[in-house]
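**Q** sequence unknown, structure follows:
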C-alpha cells in the first residue's frame, strides 16, 4: 500500500485527488490551515478530514512514500521543510497525475477558455457509451462523483490542462507536465497577468505545450483562433494536426439544433463558443474510438459544465444565467451567446471584476466591446478587494473608458447593486450574471425565486 500525505488537502483539486487515491486503495492523510465546503464534508465522509487545522511537521515521517504539494502551500511551509529534510519524494498535483498516467494514453485539453467545457463534453460522451476512462476536470460535473478518477486498468486518461503554475517549488505551467499523446488547444487570450506579464510570454507557454506532445501524437486545434493556428502550423514537432471550426447548426424558437447527416439534433447548450467547443470534443472523441454518429447521439443530452452558463431560473418570458466568465474572450462569447439565443428579449448583462487580472489597470483595456451585445450593461467591483490584492486602485471612469460604453452602469457597493437587480421588471428579460465571485454576497436563491414567480 502507498502512503501519501497531502500538504493543503482542502483545495478543490487537491481534495478530489486525495479522494481518488483513497478509492484506488492508497493510504491518505493531509493537512491544511482551513478547509471550506464542499471539500470539508467530502473529506470527512471518507475519514480524510484532518483532526486539527494547521501545519504539523510531526505528520511527516519516513514511512511516507510521497508528499503531494498543493499550490496553496508556500515555500516555507513547515511540513514541506520537514519533507525536504527527510528526503521524501515531493510531487506537485500535476506531477502526481503524470506519475499515475505513465502507462496510459494521455489526452490533455488546453486553452485560455473552454477547456473545462470540452473536457466535460468528452467525459459525457464516454460515459454515455460506457467507455471507462480516468480523468481530471476542473469543475464538478453532472453525473460524476469526483473531479478526479484514477484506476489501474483504464487505457485513457483525460486531463484538463491548466496553464497556471504547478506549485511553490515548480514554476512550470501545469500542462507542461502531462506530455500528451492527444492534445487540444481551444483558444489563446492573455490571462494570469500576475504570472505572465506580457502576452508574448503567455503565448510561449502554449508553444512549449505543443512541443511537449509525444512524437507521433496528435494536436486538435481551433483554426479560427489566429494565435492557435499560427502556433500549430509553425510547430516542427512530429505530430498529426487536426484543425476544427464549428459545427453546422440552427437556432429555432430559443433552441439550438445540430445539422447532421442523421437530421437535426437538439442541444441543451447554445452559443457559438459551445459549438466550437463541441467540434473540438468531437475530434478528440473520434481519436479515442467514438464514431461520429455515436458522438452526436451522446452530446444531445450534455447539459453544460459546472458554473458555465448555468441556468438558475426560467419562465415563459424570462431567464437567469450565472456564468464563471472573467477573461475578456469569455465575457464577450457569453454575452453574445445569450443575446443570439434570445434575440427578442432585453439582455441585462452584469459582470463582476473579481480576478487579479481583471482588476489590473493595464489589463482592463482588453475588455473593450465585450459587453456591447447587451441591451443594458453593468460592472460591479469592490475597491476593498482591489486593496486586499495589493493592486493599484481603479476608478469608475477607468472602467467606463476600458469598456467604451457610455451607458455602462458601475456599482461598487453590494447593497446598491442588489437593489438595482431586485428592482428590475422580470418580464421579457435575459439576466446574465458573470463572475467568479458573488457580487459582495448577493442572494441568488432569492433572485431565482423572484424571477420564477414573476407573471
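**A** Structure's in. What do you need? For clarity, every value in this text was computed on a predicted model and none was experimentally measured.
**Q** all contacts plus neighbour counts: C-alpha atoms, from now on.
**A** Will do.
**Q** can you list the low-confidence ranges for this structure?
**A** Applying pLDDT under 70 to the chain picks out residues 1, 306-307, 356, 389, 455.
**Q** not counting sequence-adjacent ones, nearest residue to residue 49?
**A** Nearest residue to residue 49 in three dimensions, chain neighbours excluded: residue 43, at 4.9 Å (C-alpha to C-alpha, 6 or more residues apart in numbering).
**Q** got the phi and psi for that neighbour?
**A** Per-residue torsions, residue 43: phi -70, psi -40 (degrees, to the nearest 10).
**Q** tally of neighbours for it?
**A** By other C-alpha atoms under 10 Å, the residues close to residue 43 number 20.
**Q** doesn't residue 22 make contact with it?
**A** No - judged on C-alpha atoms under 8 Å, residue 43 makes no contact with residue 22 at a distance of 10.2 Å.
**Q** got the phi and psi for residue 258?
**A** phi -80, psi 140.
**Q** identify the bridge partners of it.
**A** With DSSP bridges as the criterion, residue 258 is bridged to residue 249, residue 265.
**Q** partner strands of the longest strand seen in the chain and their direction?
**A** The longest strand of the chain (DSSP state E) is strand 346-353. The pairing partners recorded for strand 346-353 under DSSP bridges are strand 376-381 (parallel), strand 429-434 (parallel).
**Q** nearest to residue 357, of these?
**A** Proximity to residue 357 (C-alpha to C-alpha) singles out strand 376-381 among the strands paired with strand 346-353, at 12.9 Å.
**Q** contact partners of the closest one?
**A** The set of residues external to strand 376-381 that reach it, using C-alpha atoms under 8 Å, 6 or more residues apart in numbering, is 346-354, 371, 407-412, 417, 439.
**Q** buried deepest among the strands paired with strand 346-353, which one?
**A** Comparing these by mean neighbour count (mean count of other C-alpha atoms under 10 Å), strand 429-434 comes out on top with a mean of 25.
**Q** which SSE is immediately downstream of it?
**A** The C-terminal neighbour of strand 429-434 among helices and strands, as given by DSSP states H and E, is helix 444-452.
**Q** residues contacting residue 177?
**A** Contact analysis of residue 177 by C-alpha under 8 Å, 6+ apart lists 94-95, 98.
**Q** and for residue 8?
**A** Applying C-alpha under 8 Å, 6+ apart to residue 8 gives the contacts 14, 30-33, 69-73.
**Q** setting aside sequence neighbours, what's the nearest residue to it?
**A** residue 32 (4.5 Å).
**Q** by neighbours, which of the contacts of residue 177 wins?
**A** residue 94 (25 neighbours).
**Q** and the spatially closest residue to that residue that is not a sequence neighbour, how close does it get to residue 259?
**A** Nearest-residue entry for residue 94: residue 174, 6.0 Å, with adjacent residues in sequence omitted and distances by C-alpha to C-alpha, 6+ apart. Distance, residue 174 to residue 259, using C-alpha to C-alpha, to the nearest Å: 37 Å.
**Q** what's the answer for residue 190, then?
**A** Residue 190 is 33 Å from residue 259, by C-alpha to C-alpha.
**Q** ok, the two, which is more surrounded?
**A** Using other C-alpha under 10 Å, the more surrounded residue of residue 190 and residue 259 is residue 190, with 20 against 14.
**Q** run a quick neighbour tally on the residue lying closest to that one once chain neighbours are set aside.
**A** Excluding the flanking residues, the one nearest residue 190 by C-alpha to C-alpha, 6+ apart is residue 199, at 5.6 Å. Neighbour count of residue 199, defined by other C-alpha under 10 Å: 14.
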